[in-house]
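In: The sequence isn't on hand, but the structure is:
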Ligand SMILES: Cc1cc2nc3c(=O)[nH]c(=O)nc-3n(C[C@H](O)[C@H](O)[C@H](O)COP(=O)(O)OP(=O)(O)OC[C@H]3O[C@@H](n4cnc5c(N)ncnc54)[C@H](O)[C@@H]3O)c2cc1C
């Protein structure tokens, strides 16, 4: 195997400086995507800059539900899946984290890496999309915040500039009456999604005030299902509406056929998932998010 | 051997500790002084003429020691039809064709050098479908045969045909007839240890090769022939088998990469190792062959089978390896699974530009049983009889001679069927149309199998040998040519040797398989390993006992008296019972058990028990001393079949079994969940229940993978899912259902300790059992493996639109 210079910066500033000095270098967090691509010969960086030891990128800041949450970009998927506060306030995210890869992968993989890799099947992406997540991006001498929705540009493409890193994922406090869930289907348990769906609804009894829906593996980027959201807003979630929403979801997605599944199959199951998940959430199947204090 | 002490006990396998702790030495771990790393340059076309190969850049790369092509090395032909070459010279016929190889000081340099080799191709029209390949005007994969004569068709020159009874009469006698077409995909054996070898030539031109093989002695023959091609006539090839990370049939033939390692070692004068990456293992090793079958069968008004008509078309890929001989085993279930008097079987094998195929566990049997057992369910429905009942009415019986001439000695099929039914709750569950939660439906199904259980003669000799080499410590070192590849052969063999000789299993050591030291064995295939090894061990053990008891005549009394003397010294009051030791010390009176020699009928006194080690040392160190080594060679009572006529009793006995599945089908997503698997197998006798269960659980997982997940996907001959990201096998998460395993012990008289071979049967009927359960649940038939959720949804939709 080719040998690489491997940097372990101890601060954000040092990380940015290293990257500035060697533009061909590649950031790595868990390296679970990077090393696969390096070994396949798809990526040949001049050096690797590890973000694991950068304190600004670590940690889950979730003291008080009312303030929302800040996740360091280098937070591991396993930490998210196991975090009691996040599980309570953002079930959709914890559920997505819990089905990403295997135990070993979840121990290494990070949320920042999952998003920056920008795969259409990234499990945390649909979950964070329905939570309206924003990303904090740092570059030498400045930072900006972008809504996750504007972050993805295409398969493997984001709006991240060459000299930027993602430092944090920012989440608003859960809205009143919000319930959410994530469902992924693979051919076997440990698989990339054939299709996945994140659903967040704000309910008044059986009436849906607002719905946020995002699907994975059904388009070049993790996809918000806006026509279906519009259909659901303000409706009573009765069986007729659920069926209609499922059918519309199947029409809204734009999947392809590959070794994991056919396009038709992906369409079909997105519709089924939506119908089932809405019914479950309506009936209280997933734990409701705790009200802001 | 009246009472068994070790055989039949749950015993951990001897190599487990080393494997679990990372000490086992696989091919990947092997190093030799001065060793180079080899890497293969594969074709970039499915079918193309090679115009030019430019190796100059690769040769100039520092660290590269040799770059070989067909143009700068002697021709080495391989394969049993001699239709393949270690290096392709004129044209490539599949994507994985070897066009060049490199030896370099490390693996990275070798990989970089391979990238620098430039090959210019002139693409040729290619054909990937076996039906299209048979059409007139189809591109010819091979223009000439081995002897250079022109060839006019892509059909392989191999005939597999069976005709028995009177098919027309069988058809006339049938009240109900069903037919169907079925297919099974290419799948990969998925050894966790990828393929590889290390080849080294010594100063005299003799080859030593550490190989991932299941046929060390046939490989030796192949390699000796290749050495002759290199001008090393009369030189020896010694094949050594290191710890293997699975075999599953991959090691049944020799592979181009092995010849390339030999060529590179010859060219460089240094040891050369080639190890495949996972992607190479998927894309460049020979998978299980795909097959299409047309099955028609009928029964009379009572449900007795009157005829069976089976036609098989196999996509052979570009060259002939053992995939091309699957029909020799397909004939078994086609003619002999359940009693059917009039049978036609025929298989056609066709060259295409797809990857060529090799052996895999089950070897043609799962491919046919997949359709056969579904077709039987169809027949039961046509007749209006319960599928289990139909099978019982046609059940094989002991003493039967099947249309293929298989002599069924023992047969536990009836019991397997009945027990599977009981365990599944067949009576209550079958046909009950039981709903599961929401849009899910539940069903049960079952399927059976017959397979060779006492070797499988596909070669002039089906034999094996065992050498028992005793040492001064009473240990028995076993030399045996069969291959331990994870299945538990060494565990069972050490129990058998312990039992046969009369020593403790801890004193038995199985040596590394090595053609230089071990007696000949045809190969570890056809579920024959344990069966043959134990038979040879029984014979060698009997010889050893005879020899030991002869030694005892002189040595036992001396040793016993010495013990007595020591005893008296310690305890002067000790009065030994009256016993004429000298008179009793006759060979027929000795007994050896657990490593201790005694005299039958002698008083039970400690000094009258002599450890085997003392006898052996006594023999060793006396004047004109001798060391005890015995050998036995066993060839089973079976026949080499005539495959063109489809008859011959190829095995000394036959294994049977039935598996049942309870499934839950999600009618909206098409997912199939296994709620339970039942497997009841006629194993003759459980030699080591622990390894037996291991074989069965592993086989069931493979059977489940075949049923639901696995398929090597090709696009115009290129494999597009060559890794575990895109090719899925079941993991522990998928095996999350109860497995009810049970064994019928029929005590096979031709088997060692009553046992039959059991290596393959466990994965044969799994897929059809699941398919039959799906039919019970939702009324659809999937004819093409694997049963993916997409196919289930399509079939459900088709059924709905028919129903309307
Ligand atoms: C066996 C296996 C199974 C997998 N299963 C799944 C699965 O089920 N679902 C799924 O979604 N994914 C899966 N993956 C993919 C992968 O594990 C995830 O995408 C993971 O979250 C990537 O995180 P990482 O920290 O390892 O990323 P890395 O590999 O370290 O980085 C990925 C990319 O992001 C960039 N990057 C990382 N952090 C930052 C940052 N803070 N700022 C800017 N750029 C950054 C890197 O430069 C790189 O381009 C699997 C991978 C493997 C090997």
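Out: Looks like it came in fine. Because the structure is predicted, anything quoted here is derived from the model rather than measured. Residues are numbered from 1 along each chain as shown, chains lettered A, B, ... in the order given.

In: Going by C-alpha atoms from here, please, whenever you check contacts or count neighbours.
Out: Fine.

In: sec struct for residue 197, please.
Out: This is for chain A. Following DSSP: H, G, I helix; E, B strand; the rest coil, we place residue A:197 in the strand state.

In: Actually, chain B is the one I wanted.
Out: What three-state DSSP gives for residue B:197 is strand.

In: Enumerate the residues of the stretch 301-450 of chain B near the ligand.
Out: Within the stretch 301-450 of chain B, no position is near the ligand by C-alpha under 6 Å from any ligand atom.

In: All the strands of the stretch 301-450 of chain B, residue numbers only.
Out: In the stretch 301-450 of chain B, the strands defined using DSSP state E, counting those that start in this stretch lie at B:305-317, B:342-351, B:434-435, B:440-452.

In: The first one versus strand B:342-351: what angle between them?
Out: Spelled out, it's strand B:305-317. 10 degrees (axes from the mean of the first three to the mean of the last three C-alpha atoms, to 10 degrees).

In: Note down every partner strand of strand B:305-317 and its orientation.
Out: strand B:291-299 (antiparallel), strand B:342-351 (parallel) (DSSP bridges).

In: Mean pLDDT and mean neighbour count added to those, as CSV?
Out: Formatted as CSV, the strands paired with strand B:305-317 follow (pLDDT from 0 to 100; neighbours: other C-alpha atoms under 10 Å in any protein chain shown):
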stretch, mean pLDDT, mean neighbour count
strand B:291-299, 98, 23
strand B:342-351, 98, 24
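
In: Would you reformat the ones you listed as a markdown table and include distance to residue B:557?
Out: As requested, the strands paired with strand B:305-317 are exported to a markdown table (distance: least, C-alpha to C-alpha, whole Å):
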| stretch | distance to residue B:557 |
| --- | --- |
| strand B:291-299 | 67 |
| strand B:342-351 | 66 |
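
In: Got the domain ranges for chain A?
Out: A:5-50, A:55-171, A:179-282 (automatic domain parsing).

In: What distance do you get for residue B:611 to residue B:587?
Out: Residue B:611 sits 16 Å away from residue B:587, going by C-alpha to C-alpha, to the nearest Å.

In: before we move on, the earlier item: nearest to residue B:3, out of the domains of chain A?
Out: domain A:179-282 (47.0 Å; C-alpha to C-alpha).

In: Tell me how many other residues surround residue B:137.
Out: Per other C-alpha atoms under 10 Å in any protein chain shown, the neighbour tally for residue B:137 reads 10.

In: Which single residue in the stretch 651-800 of chain B comes nearest to the ligand?
Out: residue B:725 (7.1 Å; C-alpha to the nearest ligand atom).

In: Point me to the helix or strand that includes that residue.
Out: Residue B:725 belongs to no helix or strand when assigned by DSSP states H and E.

In: isn't it right up against residue A:191?
Out: Yes. Counting by C-alpha atoms under 8 Å, residue A:191 is a contact partner of residue B:725 at 7.0 Å.

In: Return the set of buried residues in stretch B:793-804.
Out: Neighbour counts over stretch B:793-804 (16 or more other C-alpha atoms under 10 Å in any protein chain shown) mark B:793, B:794, B:795, B:796 as buried.

In: Pick out whichever of those residues sits closest to residue B:681.
Out: residue B:795 (32.1 Å).

In: who's in contact with that closest one?
Out: B:780, B:781, B:782 (C-alpha atoms under 8 Å, 6 or more residues apart in numbering or on different chains).

In: try 10 Å
Out: B:670, B:778, B:779, B:780, B:781, B:782, B:789, B:801 (C-alpha atoms under 10 Å, 6 or more residues apart in numbering or on different chains).

In: Run through the strands of the stretch 101-250 of chain A in chain order.
Out: Assigned by DSSP E, counting those that start in this stretch, the strands in the stretch 101-250 of chain A fall at A:134-139, A:142-147, A:152-154, A:157-158, A:165-171, A:178-185, A:195-204, A:207-216, A:223-224.

In: So for chain B, which of the domains of chain A sits nearest?
Out: Proximity to chain B (C-alpha to the nearest C-alpha) singles out domain A:179-282 among the domains of chain A, at 5.7 Å.

In: Run the chain-centre distance for that closest one.
Out: 15 Å (C-alpha atoms, centre = their mean, to the nearest Å).

In: Point out where the chain drops to low pLDDT.
Out: All of this refers to chain A. A:1-2, A:65, A:285-293 (pLDDT under 70).

In: you looked at the wrong chain, it should be chain B
Out: Using pLDDT under 70, chain B drops low at B:1-2, B:803-804.

In: go with 50
Out: Applying pLDDT under 50 to chain B flags the ranges B:1.

In: List the contacts of the residue of the stretch 651-800 of chain B closest to the ligand.
Out: With C-alpha under 10 Å, 6+ apart, residue B:725 has these contacts: A:190, A:191, A:192, A:260.

In: need those residues in a markdown table with neighbour count, can you?
Out: Converted to a markdown table, those look like this (neighbours: other C-alpha atoms under 10 Å in any protein chain shown):
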| residue | neighbour count |
| --- | --- |
| A:190 | 19 |
| A:191 | 20 |
| A:192 | 24 |
| A:260 | 19 |
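
In: restrict those residues to contacts with the ligand.
Out: Residues of these in contact with the ligand (C-alpha under 6 Å from any ligand atom): A:191, A:192.

In: Among the contacts of residue B:725, which one sits closest to residue A:48?
Out: Once C-alpha to C-alpha is applied, the member of the contacts of residue B:725 that ends up nearest residue A:48 is residue A:192, at 25.4 Å.

In: how about the closest one, what does it touch?
Out: Here residue A:192 is in contact with A:99-101, A:120-123, A:184-186, A:216-217, A:260, B:725-726 (C-alpha under 10 Å, 6+ apart).

In: So it versus residue B:797, what's the distance?
Out: Taken as C-alpha to C-alpha, the span from residue A:192 to residue B:797 is 26 Å.

In: For residue B:302, grab the count of nearby residues.
Out: So residue B:302, with other C-alpha under 10 Å, has 12 neighbours.

In: any idea how far it lies from residue B:638?
Out: Look at residue B:302 and residue B:638: by C-alpha to C-alpha, they are 35 Å apart.

In: So residue B:717 sits against residue B:43, correct?
Out: No. Contact between residue B:717 and residue B:43 fails when scored by C-alpha atoms under 10 Å: they sit 11.5 Å apart.

In: anything in contact with each of the two?
Out: With C-alpha under 10 Å, 6+ apart, residue B:717 and residue B:43 have common neighbours B:93, B:94, B:95, B:96.
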